[in-house]
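A.B. asks: coords please:
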Amino acid sequence: MPTRLARLIENAIRGLRPLTNNMSLEAERAGQDFLGRVETRHIPDGISVIRSDIGDIPAEWFHPEGAADDAAIIYFHGGAYMAGSLVSNRVLALELATSLGMNVLSFEYRLAPENPYPAALVDAMRIYRSVLELDVPAQRISFIGDSAGGGLLCAAALRAKADGIELPNSLVMLSPWVDLTLSGETYETLKDMDPLLTKQKLKRAAEYYVGDADAHDPYISPVFGDFHGFPPALIHVGTHEVLLDDARMLAKAMLRDGAEATIEEWQGMWHVWHAFDIKETRLALKRISEYVCGNMGMSKGDE
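C.D. replies: Alright, predicted model coming up:
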């Protein structure tokens, strides 16, 4: 069961839902950046943050002291493909670097509606190739992403497979949005339970991102992909979020194709609770650290 603090935070978020779901896109982007600045005013001791743009793609490396040079996390931020930046997503990037003791690369892909599909996927592939060009072997790279970032990293892995590029060691998807056709039953059955997301808001975001393409395209909705030969994947999802069926369908599709997929449904949790300072976040990050480091055959902070 959720802790008392988690329940209090969820109720507070629910109370703000009418406001957050009716904000203009400009206000939503600015609000996320503001919160990101507030939450990351103080960088933890032992973490260096270095701006390292990849061409015209804004990017930052988070370097924990003692982290191995030949291992990396590529972090794919959320924001429904229409919001999110380096600033707004520093919270999770910092948490991942601190919890895993590994170098984390966060990047800012182009957003819809100004840049619909395939802009975000093109940027993600440029980032992956750039890390490989740093002589970091694929078997020492993990993709981690939240919400739309979870869908984007899955699409990037599908694209890499199709292009004959070696796949990363593992994938970790936090509350992933992987079906932009919005076909899951939990969009309706959990609409009153989810404190943060609504089908209406996600429908608008899907229209922005898909543009003139087909939402059934696996590079847009990875749940329709072919996962033969995929790396192992860990999926976190809360039982109070409308994206619960997205996560379940993705895990089912991966298992169908012989991929190793572990889905963990966190009771009473909401969309990407990992960004909040609660006991459940610390437990989830510990689990992610064990999963990623275990698949790479290393312990936290290995050199």
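A.B. asks: need the contact list for residue 57.
C.D. replies: Counting by Cβ atoms under 8 Å, 6 or more residues apart in numbering, residue 57 touches 107, 108, 109, 123, 126, 127. Just so you know, the C-beta spots here come from the backbone N, C-alpha and C atoms, and that holds for glycine as well.
A.B. asks: show me what the first one bridges to in the sheet.
C.D. replies: This means residue 107. Per DSSP bridges, the residues bridged to residue 107 are residue 59.
A.B. asks: help me confirm that it comes into contact with residue 123.
C.D. replies: Yes: Residue 107 is within contact range of residue 123, at 7.1 Å (criterion: Cβ atoms under 8 Å).
A.B. asks: buried ones in the helix or strand bottoming out on mean pLDDT in the chain?
C.D. replies: When the helices and strands of the chain are compared on mean pLDDT, DSSP states H and E, helix 4-20 comes out lowest with a mean of 89. Buried residues in helix 4-20, counted by 16 or more other Cβ atoms under 10 Å: 6, 9, 10, 13, 14, 20.
A.B. asks: try stretch 128-148
C.D. replies: 128, 130-132, 136, 139-148.
A.B. asks: distance from the chain centre to that stretch, please.
C.D. replies: Mean-position distance between stretch 128-148 and its chain equals 13 Å (Cα atoms, centre = their mean, to the nearest Å).
A.B. asks: who's in contact with residue 216?
C.D. replies: Neighbour list for residue 216: 181, 224 [criterion: Cβ under 8 Å, 6+ apart].
A.B. asks: gap between it and residue 206?
C.D. replies: Note on residue 216: its distance to residue 206, by Cβ to Cβ, to the nearest Å, is 12 Å.
A.B. asks: so who does the closest residue to residue 245 other than its chain neighbours touch?
C.D. replies: Sequence neighbours aside, residue 184 is the residue nearest to residue 245 in space, at 2.8 Å (criterion: Cβ to Cβ, 6 or more residues apart in numbering). By Cβ under 8 Å, 6+ apart, the contact list for residue 184 reads 242, 243, 244, 245, 246, 248, 249.
A.B. asks: redo that, cut-off 10 Å
C.D. replies: Residue 184 sits next to 178, 190, 199, 223, 242, 243, 244, 245, 246, 247, 248, 249 when contact means Cβ atoms under 10 Å, 6 or more residues apart in numbering.
A.B. asks: next: residue 273.
C.D. replies: Shown in contact with residue 273 (Cβ under 10 Å, 6+ apart): 2, 6, 9-10, 13, 174-175, 196, 236, 238, 240-241, 266, 280-281, 284.
A.B. asks: can you do 6 Å?
C.D. replies: residue 280 (Cβ atoms under 6 Å, 6 or more residues apart in numbering).
A.B. asks: so what's it scoring on pLDDT?
C.D. replies: At residue 273, the model reports a pLDDT of 97.
A.B. asks: distance check, it against residue 95.
C.D. replies: In this view, residue 273 and residue 95 are 12 Å apart by Cβ to Cβ.
A.B. asks: how about residue 86?
C.D. replies: 15 Å.
A.B. asks: same check, this time on residue 194
C.D. replies: In this view, residue 194 and residue 95 are 22 Å apart by Cβ to Cβ.
A.B. asks: before we move on, what about residue 127?
C.D. replies: Computed as Cβ to Cβ, the residue 127 to residue 95 distance reads 20 Å.
A.B. asks: residue 131 too?
C.D. replies: From residue 131 to residue 95 the distance is 20 Å (Cβ to Cβ).
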